[in-house]
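Visitor: Need a 3D model of the following:
(one chain, ligands or ions: 1)
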Amino acid sequence: MSNLLRKPQDVVKSEGVTIVHDITGERSNLEYVGFKVVDLEKGSLYRGQLDNLECCIVALTGKVDINVEEETFENLGTRDSVFERKPTDSVYVSNDRSFQVKAITGARVALCYSPSQEQLPTKLIKADSIEAEHRGKYNNQRKVHNILPDSDPSANSLLVVEVYTESGNWSSYPPHKHDQDNLPEESFLEETYYHEMDPQQGFVFQRVYTDDRSLDETMTAGNGDVVVVPKGYHPVGVPDGYTSYYLNVMAGPVRKWKFNNDEDHEWIVNRD
Ligand SMILES: O=C[C@H](O)[C@@H](O)[C@H](O)CC(=O)O
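Guide: I've put the predicted structure just below:
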């Protein structure tokens, strides 16, 4: 199995707290992006301490209270399933802060990490502040919820976005990459994909490849899997009958999403 594909680990951390994914530090083989998925039973608590990291806590499903030192954000979360296809609530927490997530109902949260030195204000990113963005045409149509886009100055290095790709469509397509620290031409952003499928038994094909094909891996990613994208193009194809959801975390030396398409497939975007 590719080292870029990470299956759910479901490690019980404490009563009512299960670490589904912990892709941080040496477990991530990434320099900038860290990612965790945590399942919380009703009434359970997850506590985090940020040193030189910032974190976007995404209420993927269920309802939670999030406490960040002197601030508390109550009853966050808008959906029992990501496939309700509506935005959810998130909270941005900066470096050198501690936080606590308390499950009001059974809940799944994503913890999206990246480096941060300059402490910024804690920010509630309300679901109703997120507008759906529709991208693509023909069979590369997808719906995007920009949770922490580079146009939002609330974070130092973190970018977070969730994407819905319907049956028979492709996303992150035409294949694009952002693996060169060479602005204004291209930015270097590592990336993770947290995948969910509807129905759950579904899968997507995701290829991660570089121009010189020194990296060229095509994976089958299923419900709850994570794909790590250290570099290269990273298109996703969704089989007929299924809907794909993924949450992207991106980070790099400069908080700018400037990508380039694979020249072989640039014609895709130039169609009328
Ligand atoms: O680089 C960003 C990621 O590949 C996705 O967020 C992608 O941009 C989503 C899409 O537009 O298909």
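
Visitor: The stretch 101-250 of the chain against the ligand: which residues are in contact?
Guide: 135, 142, 144, 161, 163, 171-172, 178, 191, 234, 248 (Cβ under 6 Å from any ligand atom). Every residue, glycine included, has its C-beta placed from N, CA and C.

Visitor: Quick one: neighbours of residue 144, just the number.
Guide: 20 (other Cβ atoms under 10 Å).

Visitor: Without its sequence neighbours, what residue ends up closest to it?
Guide: The shortest distance from residue 144 to any non-neighbouring residue, by Cβ to Cβ, 6 or more residues apart in numbering, is to residue 133 (4.3 Å).

Visitor: tell me the SS of that neighbour?
Guide: strand (DSSP: H, G, I helix; E, B strand; the rest coil).

Visitor: Could you list which residues are in contact with it?
Guide: 143-146 (Cβ atoms under 8 Å, 6 or more residues apart in numbering).

Visitor: could you redo the last one with a cut-off of 10 Å?
Guide: 142-146, 149, 161, 163 (Cβ atoms under 10 Å, 6 or more residues apart in numbering).

Visitor: Check residue 35 too.
Guide: 6, 21-24, 27-28, 110-114, 191-194, 226, 228, 247-249.

Visitor: go on, residue 82?
Guide: Residue 82 touches 58, 60-61, 88, 108, 162, 164, 194, 196, 198, 243, 245-247, counting by Cβ under 10 Å, 6+ apart.

Visitor: my guess is residue 254 is in a helix, correct?
Guide: No - under three-state DSSP, residue 254 sits outside any helix and is assigned coil.

Visitor: Report the contact partners of the residue nearest to residue 22 when sequence neighbours are not counted.
Guide: Distance criterion Cβ to Cβ, 6+ apart; nearest residue to residue 22, sequence neighbours excluded, is residue 36 at 5.2 Å. Neighbouring residues of residue 36 by Cβ under 10 Å, 6+ apart: 19-24, 46, 48, 55, 57, 109-113, 194.

Visitor: let's go with 6 Å and repeat that
Guide: Going by Cβ atoms under 6 Å, 6 or more residues apart in numbering, residue 36 touches 21-22, 111.

Visitor: In those, which residue is surrounded by the most others?
Guide: Going by other Cβ under 10 Å, residue 111 tops these with 25 neighbours.

Visitor: ok, back up a step: which SS class is the residue nearest to residue 22?
Guide: strand.

Visitor: separation between it and the ligand?
Guide: Going from residue 36 to the ligand by Cβ to the nearest ligand atom, to the nearest Å gives 19 Å.

Visitor: May I have the beta-bridge partners of that residue?
Guide: residue 22, residue 111 (DSSP bridges).

Visitor: one step back: of the contacts of residue 36, which is the nearest to residue 187?
Guide: residue 111 (23.2 Å; Cβ to Cβ).

Visitor: what sits against that closest one?
Guide: By Cβ under 6 Å, 6+ apart, the neighbours of residue 111 are 36, 55, 57.

Visitor: Quick check: of the residues of the stretch 101-250 of the chain next to the ligand, which lies closest to residue 202?
Guide: residue 171 (14.4 Å).

Visitor: tell me the phi and psi of the closest one?
Guide: Main-chain torsions, residue 171, degrees, to the nearest 10: phi -140, psi 170.

Visitor: What of the one 5 residues further on?
Guide: When read as degrees, to the nearest 10, the backbone of residue 176 gives phi -130, psi 160.

Visitor: Excluding chain neighbours, what is closest to residue 179?
Guide: Leaving out its chain neighbours, residue 179 is closest to residue 231 (Cβ to Cβ, 6+ apart), at 3.8 Å.

Visitor: Over to residue 251?
Guide: Distances taken as Cβ to Cβ, 6+ apart place residue 114 nearest to residue 251, at 3.4 Å, with adjacent residues excluded.

Visitor: and that neighbour, how many residues sit next to it?
Guide: Neighbours around residue 114, by other Cβ under 10 Å: 29.

Visitor: Quick check: it vs residue 120, distance?
Guide: According to Cβ to Cβ, to the nearest Å, residue 114 and residue 120 sit 12 Å apart.
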